[in-house]
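# only geometry, no sequence info:
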C-alpha cells in the first residue's frame, strides 16, 4: 500500500526562541539547524530576518541543509504596497527557500489589534504571497488565530485561507495561536476547511496551553492537513509549541499513522531521537525532562517491585513501544523500592554479573537503601552505583587514601585590597602506596579549586586521569534553605567519549562535591584497568 | 440546563508514588491528601495497604476527608477463595470507604504474566468485588491493559468489565496501562463498551507515554465514561499519569465540557489550582514546570516585543483563558528581548510607577540587558529586579557597606583529627553608619555559615530582619564544568508570609550565593521601610 507523504515543519529556531529562559546564540542556531537536518524534518524555519540582529546575522550566512529553509515575517503593512514595504523586502532578499508570512485570520484581531480593514488584510495576504512567488520563493501563510477566528466569524477566517491559497501559497497553516482549542474542535474545523482548500495544502500549528498540542496536531492530521508544525522538545512561548519529538515518534510508531503516512524521518534516523532531544537540552543548558514521552530518562523506567518483575518477564506489559526504536533504553531503577531482580538487571547492564541467590546481593540492597535514605540518588549516577556494588562485592581495588582537604574563599570590597572576584584556594592531601602527596590549587570557585588540586598529583595513576574532563555539575538542595542536605551530581567524560555520572551528599556543598569528584576519578581508574 | 455530574478520582498517593525521583514520607501523604480534599476531588486513592510499611501506616490512621478514601490492591490470588486471601483481607480490613481492585483484562497477560486461566481471572474479579460489597465497601475495578486487551481479544476484555459490573462494582475503570493508546481509538472503544455497561459506571485511567494522556481522558469522556482518574501535576510512573491539574482546568474552563458537565471542583476553588500545584512540588522538592498548562510560571508569560504589546492591549490575543481563573498571573518578562512597555508593566506589578518616556527607563533597560548577558535571570528573581530598578531610579537607601567576607571548609579523614563532617566557618565584616562590625559563624556548609554571619549583627537594622527565613536555595551552572558561571537563586520568607526571590551570579558558587543573600536582606529592609 502506498502511504501518503506528510510534511514536518520545524519552528524551533523561530517560535522556539520565544521560550522563557531560552536565549539562542548564533552558534546554537547553527548547531540546532544541523541537528534538525540530520533528523530529517522537511522545513526549518530559521527566524525573522530584519527583526533582530541575531536572526539577520543567521540568515546572512544560512546553514546548508537538505531541509527547505524558511524565513518568517509579516505580510505587507497596512496602506503600503508589497513592493514598497521594507519588512517584506527583507524577507524576499533573505537567503532562503521559502517565506512564512504571518497574517491574522480573526476579524476581531484585524480590527482591534491591527486597526485595519478586513479587505486590506486580505489584500496584504494576496500581495505578499504574490510578491514572494514572483521572486521564485515558496510561500507559506500562517493564519494566526485561525480557530478562534473561525468560531467567531467563519466566513472571514475562510476568506483569509482562500486568499492565501489563490495567491499561490504552497501551504496555508491553520494556527491555534493562544493554544486554547480542543482536539475534537480542530478535527471538525479542519475537515470543513478541507472541503474548500485541498488538505495537501493545509498545515497545523498548535500550542500546548491545554496540554493537548500533540493531540491537536494529530487530530488536524485526521481532519485533513498534511503539514505539522512544531518545535523539538516542545520549545516555545508560554506552555510551548506542539512537541515535534513526541509527534515524530507517534507518526512512525503508532500503526494508525505509520500505516497511512510517511515522513522524511526514517525508522533508522528515529533511533537518533533521544540523542537529538538531549543534545538540544544540552545546548540550551536545560535539564532534560525525565518524564518526556519516548525520550525521557524515565520514559521506560519502572521502580515498583511487581511492575519491574513483569516488565523484565514481558516488556509489552509496561512498554507501548520498544525503547530502542527511539534510541532510549529500559531502566529498572535502583531505588529504595528496588527488589533483587531489579538490582541484578541493573548490574548486568553495567557489566557485573551476579546470581540472584548470591548472599552479597542482600548486603548491596541494604547499602543502597541506607544510602538513598541519606539522600543519595543512584538513578542518575550509574558510576557511583557501580563503585558501591564493586565495593560490597569486594572487587574494588584500593588506589589511594584521602587524608585531608581544605578550601578557602575570600573577598574584600571597597577601597583597600579590594578584589574584583572572590578567590578560592584548595589543598588536597592524599596517601598513595605509603607516600603522602599534598597539592594546592587556585580556582575561580571552591569546587574548581578542589577539582584541580585533587587531580594534580595522583602519583603512578596520574597518566590514567589526564584526559578526564568535567562536563556537568549539578546541585540539588533538599528540604529548602542552606542548612538542608545538598546532593551534587557530577558528569565526567574522557577522550574516548565515555561519559559517567557520580553523586555526593552532605549538608555541605563543598563536601558533597568532593565526594562526587573522588568517585569520578576512581571510576575512571577502574575502567582503565589501573592497579 | 442541568449539567451531568462527573467524578474525579485522584491517584497521586498511589500511582503517583511510582514517579521516578519521588519518595513520599508519611507527612507528605497526609499533606497531599488535605490539599486534594481542599481542591475538591471526589476520590482519593491513598495507597496499597499491606504492600509496604508506609502505606500500612498511612491507612492505620486514615486522613479525615470529604472525598471518598480508597485502598488499592489485587483481586484474590489464583486458587484461593476471596475469604481466604490475606491480600484481600488487608483491603477489606483497611479503614477506607472503597476498594480499588486491579485485575487484568488482556487474555495474553492473564495467561503469560499471571499463568492463570481466563475463567479463574473472571472468578477472581467477581469474588473480590462481592466480598468488598458484602463488607459494606464500595468497589472499583481497574481493568489493567483494557485497551490493548480489547484490540487483541475484544470479547475477553468485555467479559472482565461485565464480570466486575455484574458483581456490583460501582466503577469499572478502563486502564491504558502502558500508555500507548491514541485518543481517537479510546473514544471509539469507550463508546462501544458504553453500549454494554452504562457510561455512569465507567472510568478512564490514562498514562502520558504518547504525550496525550489529557486528550485520551477527555476523548474517553466524550466516548461515555463519567469518571476520570489521574494525578496532580501528572505524577506517575514513566511519563506520568493523566495530569489532573490540566484536566480539571480544561473541564471547568472549556465550554464544550463546562456547559455539559459539573465536577466537585468549583470555579472558586479553581482559583487555588496554581497554589495547589506549586504546593505539591514544594512538598516533593521538585522544581515546578515553568511550561505547565494553566499553572506554570510561564503559562501566561510573553517575552517577544510585539506579542507583549498585543497582550497588554488585548489579553485574548495570547491568553486562551484569564490567568486569574486558575490563580495564575500574566507575566511580561523582563528579558533581553524586553521592550520598554514590558518593563513598565513589570515595574507596575512591583509597585513602581514610571512613565514610558522617563529617561531613566532607557538606563534601566540597558542595565537589565547587561546583567542578563552576564548570566543574571530576573524572570525568577523579582526582588533583585526591584532593587536594580530602585538603584537606577536613585531611590534605594544606602543601608550598609560590605567590607569583606571569607569562608573556610576543612575536612580530615583517617586516624588523627578525623572529622565526621566537613566544618565550615565564615566571617563577614560590614560598615553601618561609620561603625564596623565583624561577625563570625559556623555552619554545616559554607553558604549556611555565611548566611548566619551576615545576619548576626546588622546594628540598628537587626530588628527588621529577625523574622527572615531562607526557604529555598537553587544553583544552576552554565556551560558545564566547575569553571563555568554559577547562578544562585535564593528564596526568603518572613513572618507575614511574604516570599521574595533574589539572584546572584559569579564563577564562584560562594560569591554568587553571598550576592543573592545580601539582596534578600536589603529587599526586606526596603519593604519594612527601614531608613
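In hand now; what should we look at? Not measured: the values here are computed from a predicted model. Numbering: from 1, shown residues only, chains lettered A, B, ... in the order given.
# how about the helix or strand hosting residue A:119 against chain B, any contact?
Using DSSP states H and E, the secondary-structure element containing residue A:119 is helix A:118-134. No - in terms of CB under 8 Å from any CB of the partner chain, no part of helix A:118-134 sits within range of chain B; the closest distance is 15.3 Å. Bear in mind the C-beta positions are built from the backbone N, C-alpha and C, glycine included.
# and the longest strand seen in chain A, anywhere near chain B?
Counting residues, the longest strand found in chain A (DSSP state E) is strand A:401-412. Yes - using CB under 8 Å from any CB, strand A:401-412 reaches chain B at A:401-412.
# what does stretch A:385-397 give?
No - using CB under 8 Å from any CB, stretch A:385-397 stays clear of chain B, coming no nearer than 14.6 Å.
# just the buried positions in that stretch, please.
For stretch A:385-397, the neighbour count (16 or more other CB atoms under 10 Å in any protein chain shown) marks A:385-390, A:392-393, A:396 as buried.
# repeat that for stretch A:409-427.
A:409-412, A:422-427.
# would you agree residue A:64 falls within a strand?
No - counting by DSSP: H, G, I helix; E, B strand; the rest coil, residue A:64 is located in no strand; its state is coil.
# can you get me a residue count around it?
Other residues near residue A:64 come to 9 when the count uses other CB atoms under 10 Å in any protein chain shown.
# now residue A:21
By other CB under 10 Å, the residues close to residue A:21 number 18.
# distance check, it against chain B.
7 Å (CB to the nearest CB, to the nearest Å).
# quick one: contacts for that residue?
A:286, B:290, B:298, B:377, B:379 (CB atoms under 8 Å, 6 or more residues apart in numbering or on different chains).
# surely residue A:475 touches residue B:487?
No - with contact defined as CB atoms under 8 Å, residue A:475 does not reach residue B:487; the gap is 11.0 Å.
# which residues do these two both contact?
Common neighbours of residue A:475 and residue B:487 (CB under 8 Å, 6+ apart) are B:475, B:477.
# got the domain boundaries for chain A?
A:4-265, A:301-375, A:401-527 (automatic domain parsing).
# which non-adjacent residue is nearest the residue of the stretch 51-200 of chain A found nearest chain B?
Per CB to the nearest CB, residue A:180 is where the stretch 51-200 of chain A lies closest to chain B, at 2.5 Å. Once flanking residues are discounted, residue A:180 sits nearest to residue B:320: 2.5 Å by CB to CB, 6 or more residues apart in numbering or on different chains.
# pull the number of nearby residues for that neighbour.
24.
# for it, which residues are in contact?
Counting by CB under 8 Å, 6+ apart, residue B:320 touches A:178-181, A:209-210.
# make it 6 Å
Going by CB atoms under 6 Å, 6 or more residues apart in numbering or on different chains, residue B:320 touches A:178-180, A:209.
# could you do residue A:503 as well?
So residue A:503 contacts A:376, A:381, A:384, A:489, A:516 (CB under 6 Å, 6+ apart).
# got it, and residue A:276?
A:35, A:39.
# and residue A:272, how far from chain B?
19 Å.
# so what's the residue count around the residue nearest to that residue when sequence neighbours are not counted?
Counting by CB to CB, 6+ apart, residue A:272 lies nearest to residue A:327, which is 5.7 Å off, once chain neighbours are set aside. Other residues near residue A:327 come to 18 when the count uses other CB under 10 Å.
# export the domains of chain A as a markdown table, with columns for distance to residue B:144.
Below are the domains of chain A laid out as a markdown table (distance: least, CB to CB, whole Å):
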| stretch | distance to residue B:144 |
| --- | --- |
| domain A:4-265 | 21 |
| domain A:301-375 | 9 |
| domain A:401-527 | 34 |
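# least reliable of those domains going by mean pLDDT?
Among the domains of chain A, domain A:301-375 carries the lowest mean pLDDT, at a mean of 77.
# end to end, how far does that domain reach?
Taking CA to CA, to the nearest Å, domain A:301-375 runs 20 Å from one end to the other.
# returning to that earlier point: got a winner among the contacts of residue A:503 for most neighbours?
Neighbour-wise, those (other CB under 10 Å) top out at residue A:516, 28 neighbours.
# excluding chain neighbours, give the residue nearest to it in space.
Residue A:516 sits nearest to residue A:504 (CB to CB, 6+ apart), 3.6 Å away.
# show me the contacts for the closest residue to residue A:29 other than its chain neighbours.
What sits nearest to residue A:29 in space, not counting adjacent residues and going by CB to CB, 6+ apart, is residue A:58, at 5.1 Å. Contact analysis of residue A:58 by CB under 6 Å, 6+ apart lists A:29, A:46-47.
# of the residues you listed, which belong to helices?
Counted as lying in helices by DSSP state H, out of the contacts of residue A:58, are residue A:29.
# the closest residue to residue A:508 other than its chain neighbours: how many residues sit nearby?
Leaving aside its sequence neighbours, residue A:508 sits nearest to residue B:445 (CB to CB, 6+ apart; 3.7 Å). As a burial measure, residue B:445 scores 30 neighbours (other CB under 10 Å).
# list the contacts for residue B:445?
Counted by CB under 6 Å, 6+ apart, residue B:445 has contacts A:507-509, B:424.
# and if we set it to 7 Å?
A:482, A:486, A:507-509, B:424 (CB atoms under 7 Å, 6 or more residues apart in numbering or on different chains).
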